[in-house]
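Chemist: next comes the sequence, and after it the predicted model I'd like to discuss.
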Amino acid sequence: MRLLPTRRDFLSGVGAGALVTGFDPVTRSWLAGQQARPQAVPVPRLKGRLLFGKAARSAAADDFGHIVRHLPWAVLEPGDVGDIAVMLRFCSQHRIPAAPRGQGHATYGQAQALGGLVIEMSPLDAISVGADGTATVQAGARWSSLLRAVLPHGWTPPVLTDYLELSVGGTLSVGGIGGTSPHYGAQVDNVLELEVVTGAGRVLACSPASRPDLFQAVLSGLGQCAVLVSATLRLVPAPAHVRHFILYYPTVDALTADQWLVQADGRFSFAEGEAELNPDGTGWLYYLEAGAYYDSVPPDDQKLLAGLHFEPGKQQISTLGYFAFLDRLAPDVAYLQSTGEWYDPHPWWNMFLPGSVTSSFVSGVMAGLTEAGIGASGVILLYPLRRGLLRAPLLRVPDEPVIFLFSVLRTAAPDSGGALPVPELLRANRALFDQGRALGGYEYPIGSIPVTQADWRQHFGPEFALLAAARHRYDPAGILTPGQGIFPPARWHGSAP
Ligand SMILES: Cc1cc2nc3c(=O)[nH]c(=O)nc-3n(C[C@H](O)[C@H](O)[C@H](O)COP(=O)(O)OP(=O)(O)OC[C@H]3O[C@@H](n4cnc5c(N)ncnc54)[C@H](O)[C@@H]3O)c2cc1C
């Protein structure tokens, strides 16, 4: 086992930087420094820091969506797992809402906690690589760091998100899918064991064999029962190279026909699909993005492309190193950061659709989608997954053997490029959600779709009972992760502020 150095190692000792000294349960406000009130309770001593300055609270009231801004009362930078446990016990006792925050790449306030505590997970980022094809990683680590840690040992996580700078805890809370999911399921399907801190502040281990109810409620559980603090993950041998194919299609039907084919025969190690506006203004171009992984002998291109019906002469084929392939979005991200578009509002929409309705539904949506509706730097994703490999009960997907992820990743930039205003795009997201749900689709809950608690019940269907029972058992005060809006906000048992 190898333990990499972490930021945690550089934080100083007990109580360092603990600017908040007390909490007044009557006025429900934090007290700083020498402030004293008879009813105040002292804030626990911590190894890390509890911040209540404007800058820290404002940062925790923002995310990649830049749509919702819920200001917390304080931000915890934990020095260790014990800090999270201590603070969750404190929050439970005083009915203070609390939410873990990974990299803040949710788009609709999911990691925010209005008037509560945001737990910044990034200080907990230790990684240990096992000799047995596993890695144990703290939840605040990014997938890029995990990849860098395991590749020298010849291993890789089987499934990676397209963007590697997301936290392990953040994606395991939602599901985590990518171009290898048709072979390995979601990231949550490759977890062996978890360590969590429950809403009640208990540090517990869980796995399919030990406390399976907690294990199931945490994976894709949207932070409703516990804060995931570390995960032991299954790894697979890493390839050295990737033969990378981009194959263009004129229509959704043509793209999805080939996607059905390649998911069935599994000829590619990696397969996704996207759409982009045709530069000549004649609508949308569709493409299959595929990868064939190998070590020393390059695959036979002709064999891989046999029987596919992409537009002749329009294919792009190249060879990349494995890490460069996985990190292929980095230059685009750097460009969008340089233009500022990365920081524009992102009212994203994502759904899993039954394979049988995908082509007709997506064709209809794309026919009505304009540049104003998605923004100049918006992205469309469309790719198939196998239902049978998606085993986490709380990752809700349609009940057909093949399902498709369809994503309309909008960027709203009213001052540059004439995109529609955010409220209008949110209404469009809701309308699209209603249409997709009527066809048997399920939201992939990482986006910006205004939904109600009743919608969530419908979303979880028979699995709602699993989630609600675990919530009752592990977070009885109901304080965790209110930004998801699944359960009623925690009821405070003291007198009104
Ligand atoms: C550019 C970009 C690319 C993306 N690409 C993909 C992709 O290819 N595949 C894919 O599946 N998704 C993708 N996503 C979506 C992404 O997986 C989710 O939004 C994920 O939740 C973000 O991780 P995060 O660390 O930023 O989490 P945050 O936004 O910080 O948190 C998301 C939710 O998880 C909860 N949470 C965070 N950490 C923990 C924890 N330790 N324990 C319990 N709950 C926790 C939060 O409270 C919140 O409710 C992408 C998002 C972006 C912005």
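Modeler: Yes, it's here.

Chemist: quick one, strands of the stretch 301-450 of the chain?
Modeler: 316-321, 348-354, 379-386, 402-409, 442-443 (DSSP state E, counting those that start in this stretch).

Chemist: winner for burial among those strands?
Modeler: strand 348-354 (a mean of 24; mean count of other Cβ atoms under 10 Å). The C-beta positions use only the backbone N, C-alpha and C, and glycine is treated the same way.

Chemist: check the offset of it from the chain's centre.
Modeler: 14 Å (Cα atoms, centre = their mean, to the nearest Å).

Chemist: average model confidence for stretch 182-200?
Modeler: Average pLDDT, stretch 182-200: 98.

Chemist: once you drop chain neighbours, what's closest to A36?
Modeler: Excluding the flanking residues, the one nearest A36 by Cβ to Cβ, 6 or more residues apart in numbering is G22, at 7.7 Å.

Chemist: now do W456
Modeler: Using Cβ to Cβ, 6+ apart, the nearest residue to W456 is I486, at 4.5 Å.

Chemist: give me the element the one you found is part of.
Modeler: Assigned by DSSP states H and E, I486 falls within no helix or strand.

Chemist: from now on call the first residue 614
Modeler: New numbering, starting at 614: the last item is I1099.

Chemist: report the contact partners of it.
Modeler: Counting by Cβ atoms under 8 Å, 6 or more residues apart in numbering, I1099 touches 835, 837, 1066, 1069, 1080.

Chemist: and what of V731?
Modeler: Here V731 is in contact with 673, 685, 687-689, 711-714, 724-725 (Cβ under 8 Å, 6+ apart).

Chemist: any idea which helix or strand comes after the strand or helix carrying it?
Modeler: Counting by DSSP H and E, the element that carries V731 is strand 730-733. For strand 730-733, the following helix or strand on the C-terminal side (DSSP H and E) is strand 740-742.

Chemist: partners of the helix or strand following that next one in the sheet?
Modeler: Following strand 740-742 in sequence order, the next helix or strand is strand 747-751 (DSSP H and E). Strand pairing for strand 747-751, using DSSP bridges, gives strand 740-742 (antiparallel), strand 839-847 (antiparallel).

Chemist: quick one: which of these is nearest P925?
Modeler: Of all the strands paired with strand 747-751, it is strand 839-847 that lies closest to P925, at 40.5 Å by Cβ to Cβ.

Chemist: tell me how far the next helix-or-strand element following that closest one is from the chain's mean position?
Modeler: Per DSSP H and E, the first helix or strand lying C-terminal to strand 839-847 is strand 849-850. How far strand 849-850 lies from its chain's middle: 23 Å, per Cα atoms, centre = their mean.

Chemist: mind listing what's buried in whichever helix or strand comes after strand 849-850?
Modeler: Using DSSP H and E, the helix or strand that follows strand 849-850 towards the C-terminus is strand 854-862. Buried residues in strand 854-862, counted by 16 or more other Cβ atoms under 10 Å: 854-858, 860-862.

Chemist: name the nearest of those residues relative to G798.
Modeler: V855 (20.4 Å).

Chemist: chain neighbours aside, what residue packs nearest to that closest one?
Modeler: V855's closest residue in space is F938 (Cβ to Cβ, 6+ apart), at 4.1 Å.

Chemist: could you measure from the one you found over to the ligand?
Modeler: 14 Å (Cβ to the nearest ligand atom, to the nearest Å).

Chemist: ok, F923 next?
Modeler: 23 Å.

Chemist: and that residue, what does it touch?
Modeler: 860-862, 867, 871, 901.

Chemist: over to C704?
Modeler: Here C704 is in contact with 710-711, 729-730, 1090, 1092 (criterion: Cβ under 8 Å, 6+ apart).

Chemist: switch the cut-off to 7 Å
Modeler: Shown in contact with C704 (Cβ atoms under 7 Å, 6 or more residues apart in numbering): 711, 730, 1092.

Chemist: need the pLDDT of the closest residue to the last one other than its chain neighbours.
Modeler: Just to be clear, that refers to I1092. Spatially, and ignoring its direct neighbours in sequence, I1092 is nearest to A1103 (4.8 Å; Cβ to Cβ, 6+ apart). In this model, A1103 is scored at 78, pLDDT.

Chemist: A1103 falls within a helix, correct?
Modeler: No. Read with DSSP: H, G, I helix; E, B strand; the rest coil, A1103 is coil and lies in no helix.

Chemist: for it, list the residues it contacts.
Modeler: Counting by Cβ under 7 Å, 6+ apart, A1103 has contacts 708, 710, 1090-1092.

Chemist: so which residues on the protein come close to the ligand?
Modeler: Neighbours of the ligand within the chain, by Cβ under 6 Å from any ligand atom: 676-677, 712-719, 723-724, 734, 752, 774-776, 779-780, 782-784, 786-791, 835-836, 840-841, 1059, 1094, 1096-1097.

Chemist: out of the contacts of I1099, which sit inside helices?
Modeler: 1066, 1069, 1080 (DSSP state H).

Chemist: hmm, back to that, for the residue nearest to V855, what are its contacts?
Modeler: 855, 857, 904.

Chemist: what bridges to the first one?
Modeler: Right, the one you point to is V855. Bridge pairing for V855 - DSSP bridges - gives Y906, L933.

Chemist: okay, it: pLDDT?
Modeler: 98.

Chemist: was I right to think it contacts Y906?
Modeler: Yes. Applying Cβ atoms under 7 Å as the test, V855 and Y906 come out as touching, 5.6 Å apart.

Chemist: overlap in contacts, the two.
Modeler: By Cβ under 7 Å, 6+ apart, no residue touches both V855 and Y906.

Chemist: what is the lengthiest helix in the chain packed up against?
Modeler: Ordering each helix of the chain by length in residues (DSSP H) puts helix 1035-1051 first. In terms of contacts (3 or more Cβ pairs under 7 Å, 6 or more residues apart in numbering; DSSP states H and E), helix 1035-1051 is packed against strand 961-967.

Chemist: for burial, what's the neighbour tally of the closest residue to A687 other than its chain neighbours?
Modeler: Excluding the flanking residues, the one nearest A687 by Cβ to Cβ, 6+ apart is F665, at 4.5 Å. Look at F665: counted by other Cβ atoms under 10 Å, it has 18 neighbours.

Chemist: what sits against the residue nearest to A649?
Modeler: 644, 653-656.

Chemist: ok, now with 6 Å
Modeler: Neighbouring residues of G635 by Cβ atoms under 6 Å, 6 or more residues apart in numbering: 644, 653, 655-656.
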